[in-house]
Structures are given as C-alpha cells and as structure tokens.
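> No letters, just coordinates:
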C-alpha cells in the first residue's frame, strides 16, 4: 500500500497553532526532510473542520478491515526491522505488534461495520476517559465490552 503523504501533522487545537505550523514549522520540516529524502516531501496538515476527501472516504469504506490491519502491522514490522536497534528491541517490538494485530482484529470482527462518513458526523464529547461518543457508554453489550477492553488495555480505572 503506497502512502499519499510522507508526513502527517496533527496537533493540539489552539487558534494560533495552525498559523505557526503553516508559517514556520511546515516549511522548516519540509526543507529538512526534503534534504534527507532528496525530494520535496508531501505534507498533510490536519486542520480544524477539514473534510476528508470523498475518494479517501470511499477507499476506507471499501477496504476490508482485517486485511487493512494485516497490511498496517506488516508495514510497521518492515519499518522496525529496518532500524539499526532492531537486534536489541526486535523481540519486544514483534510481540507488541502481534498483540496489537490480534487486538485490532478482535475489535474489527466484533464491531458492526460503520461507514466513515457516518463517524465524521457524530458528536464527540470529552470525558474522564478521553474523547468518546456518548453511544459508547450505552447499555449495548458489545460497546460496553469494547470500552472495558480499552480501559483494561490502557490502564484506565
């Protein structure tokens, strides 16, 4: 799977942040990375209220979730194996990616398919456990099970 962008920038939302990123950070980062790559990098800056392109939404909705998980985990392992410190940390990284692969597949298989465009329209709200959709706290056993799995996985009490 080829990536459209070399760099993805997401940031804490603050009125002055986007201006600083566009005026200072993106050009400097683009120059430094461009020197290393030998080409101008494609940089995506995730802006507030930015719409995901329709072709990307369609591609996400059409892609098999389990296959996507395999592709992403395989790509992550390929990247990690290329690092000079792989011999020291490779076993732990391999276990972590394998755990992540299994966890994501369990979620993908147990969760009903939801179109990406539908997710973009849902109101999210802050909570003690981070940002989640109010329906995630419903009595629906599958959703509650997923919240519990995430809580256990990330040590949220």
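Nice, thanks for sending it over. Since the structure is predicted, the reported quantities are computational estimates derived from the model, not experimental observations.
> Mind naming the longest helix for this structure?
Longest helix of the chain, by residue count under DSSP state H: helix 86-110.
> Mind checking the pLDDT average for it?
Per-residue pLDDT over helix 86-110 has a mean of 92.
> Which parts of stretch 22-36 count as buried, going by neighbours?
residue 30 (16 or more other Cβ atoms under 10 Å). From N, CA and C alone the C-beta is placed, and that goes for glycine too.
> for stretch 102-110, that is, sorry about that
Going by 16+ other Cβ under 10 Å, stretch 102-110 has these buried residues: residue 104.
> Quick one: list the elements packing against the helix or strand harbouring residue 78.
Assigned by DSSP states H and E, residue 78 belongs to helix 65-81. Packing partners of helix 65-81 (3 or more Cβ pairs under 8 Å, 6 or more residues apart in numbering; DSSP states H and E): helix 86-110.
> quick one: low-confidence parts of this structure?
1-2, 15, 48-51, 112-157 (pLDDT under 70).
> Quick one: the strands in it, in order.
Using DSSP state E, the strands of the chain run over 7-9, 43-45, 125-127, 130-132.
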